[in-house]
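Student: What would the 3D arrangement of this be:
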Amino acid sequence: MIRFMLPLIGIAVFYSESIFATFSPIEAAGDTRLLVPRFLVVFLIFLSFYYNRNASYVYAFVFGLMYDVFFTGVLGIYMFLFPLLIYISAMIVRVIYQNIAVSGLVTLVMIALLEWIVYQFNLLIGIADMNVETFLNQRLYSTLLFNAVFILIAAYPFKVWMASVRLKHLED
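Tutor: All right, here's what the predicted structure looks like:
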């Protein structure tokens with residue numbers, strides 16, 4: 001039964017992004033702010049930190065493909081970027097001491113990197129029509145703040161749950 005919990009939690013996180021995306025854009029400080037939930041990235045990176053890095057690559061590839069199919073018109077960008085972000089975060093964590101605060105900070109940096117790469121790719125193919133200053137002020141900062149709040153709420157439960165699942169798998 002525990003083997004099915006991880007994919008089910010991943011699917012729930014995947015679909016929760018679309019639910020929270022309905023709250024965007026919002027009006028704040030007299031300006032329009034875009035809130036892009038990246039809960040799946042948080043889930044995948046925490047999966048690589050606290051469960052199993054090789055399994056997280058598989059989940060990142062599958063969920064990246066699902067993300068491309070359901071939410072974007074360009075097939076392959078998230079399918080490539082999700083595993084790449086896990087790889088980069090794993091390299092960072094090898095160098096620095098890992099605790100939950102560092103994991104959250106690394107995850108925020110990876111979300112910023114994901115947003116920047118997707119923005120640059122959309123500029124390259126002509127989909128994005130905002131300049132860099134507008135992107136930073138209306139999308140990136142608010143997205144990072146929104147996802148930081150999610151990390152503050154979900155980081156500890158993700159860590160505890162994934163560590164317990166890993167321990168149960170090691171016992172079997």
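Student: distance of Ser71 from Leu47?
Tutor: Actually, residue 71 is Phe rather than Ser. Per CB to CB, to the nearest Å, Phe71 is found 20 Å from Leu47. For the C-beta atoms, the positions are set from N, CA and C on the backbone; glycine is no exception.
Student: Who has more neighbours out of the two?
Tutor: Using other CB atoms under 10 Å as the criterion, Phe71 and Leu47 rank with Leu47 on top: 24 against 12.
Student: who are the neighbours in contact with the most centrally placed residue in the chain?
Tutor: A centroid search over the chain (CA atoms, centre = their mean) returns Val41, at 1.5 Å, as the residue closest to the centre. Contacts for Val41 (CB atoms under 8 Å, 6 or more residues apart in numbering) come out as Phe82, Leu85, Thr107, Met110, Ile111, Leu114.
Student: In terms of pLDDT, where does the fifth one sit?
Tutor: Predicted confidence (pLDDT) at Ile111: the value is 97.
Student: what about it, which SS state?
Tutor: Recorded secondary structure, Ile111: helix (DSSP: H, G, I helix; E, B strand; the rest coil).
Student: Thr143 is in contact with that one, correct?
Tutor: Yes. Using CB atoms under 8 Å, Ile111 is in contact with Thr143, at 7.0 Å.
Student: any residues in contact with both of those two?
Tutor: In contact with both Ile111 and Thr143: Arg38, using CB under 8 Å, 6+ apart.
Student: So between these two, which is more surrounded?
Tutor: With neighbours defined as other CB under 10 Å, Ile111 and Thr143 compare such that Ile111 has more, 25 against 22.
Student: For Val93, see how far away that one is.
Tutor: 16 Å.
Student: Cheers, nothing more for now.
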